[in-house]
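Peer 1: When you get a sec, could you give me coordinates for this:
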Amino acid sequence: FLTVFYGDLPTTQSISTLRQAQGTASPTALPTQPAVIGAFENPGDGLAGVRSGREAYVPIVNAFPNGCLVAASKSAVVQVNICRNVFGKDPNNINSAGLTFDQMAELAEANQNPNRPVNYSGNAFSASVPAGGQTANRVEVFYSWLNQAQWQFDPTAQTYLRFEDFGVAEKAGQFRQATDRLTGEPVAFENVVVLFVEHVARTPTIIDLNMGIGQQGRAVVFRNGQAYTGLTWSMLNETYERTTGLARPVRLRNADGTPFALAPGHTWFHIATTSSAVWATDAAAGAWRYRFYAPAGAK
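Peer 2: I've put the predicted structure just below:
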């Protein structure tokens, strides 16, 4: 996963205040410069599970001018720029690398460029549900036998709740609800988006994504219990790009080129190969499936 933060980040002090209000933490101040995730007072006090830099991140990073890619190092042949390396020291946990939210805020501050204001606009958002959708109460996600997930629509909250598998053979096809490590609340997203992008295997384990400036492709959006097919993701130059020479993040468009309105809130992107598929397995029940197929030459 590649997590993109845009906006205000929680601080260690705000986390401590939250836990005290919930009766789950002492008033002791949290450390601001831990070496690894294990040094935090609680696992949720920072972002852990930071992994190595990947070639696939290149077009995503390039779409966020003034952005900062945090990674746990990278292979010498991976051509992506990292602005902060983080390391874990737990030999029994490959996900031990991390940093606090305060450290993330400091990085964001350090990467500001007053001569190049950030403009990540380009997508439309509306609480009104677009016409033309199909019922979508559940989305099954299949990457491999031991890498599956589900999105289940919550009609009360108007969000999709994430369920993940256990990653072990004896529980293949079984799911548990994903929860936020910071708050303990269910992981919920207002939008779930599938982008179909050409993948090019430079080596069996190094994959390029052709989704840079000038590219576009097919997209499917799930929002408000509805599925919208026939959409397009776009990195084509528009007025802003032509005027400033700067990029903006991927934009979602209707078939006629007008902006497709996402629901206000959070968005989870699945980046699929062009040979992958999304289809309704039971239209009456609103059941859908996303099946990922690896690109030729990938390991």
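Peer 1: contacting residues for the nearest residue to Pro186 once chain neighbours are set aside?
Peer 2: Closest residue to Pro186 apart from its sequence neighbours, by Cβ to Cβ, 6 or more residues apart in numbering: Leu161 at 5.2 Å. Using the backbone N, CA and C atoms, a C-beta is placed for each residue, glycine as well. Listed by Cβ atoms under 8 Å, 6 or more residues apart in numbering, the contact set of Leu161 reads Trp151, Gln152, Phe153, Asp154, Gln177, Ala178, Pro186, Val187, Ala188.
Peer 1: was I right about the first one contacting Phe175?
Peer 2: So that's Trp151. No. Checked against Cβ atoms under 8 Å, the pair Trp151 and Phe175 is beyond contact range at 10.7 Å.
Peer 1: Between the two, point out the one with more neighbours.
Peer 2: Applying other Cβ atoms under 10 Å to Trp151 and Phe175 shows that Trp151 carries more neighbours, namely 24 against 16.
Peer 1: For the more buried one, which residues are in contact?
Peer 2: Contact partners of Trp151, counting by Cβ under 8 Å, 6+ apart, are Arg138, Val139, Val141, Tyr160, Leu161, Arg162, Phe163, Phe189, Val192, Phe222.
Peer 1: For the third one, the count of nearby residues, please.
Peer 2: Read that as Val141. 22.
Peer 1: list the residues that contact both of Trp151 and Phe175?
Peer 2: Contact criterion Cβ under 8 Å, 6+ apart; residues bridging Trp151 and Phe175 by contacting each: Phe163.
Peer 1: if we can go back for a sec, distance check, the residue nearest to Pro186 against Gln216.
Peer 2: With distances taken as Cβ to Cβ, to the nearest Å, Leu161 is found 31 Å from Gln216.
Peer 1: can you check Lys299 too?
Peer 2: Remark: distance between Lys299 and Gln216 (Cβ to Cβ) = 28 Å.
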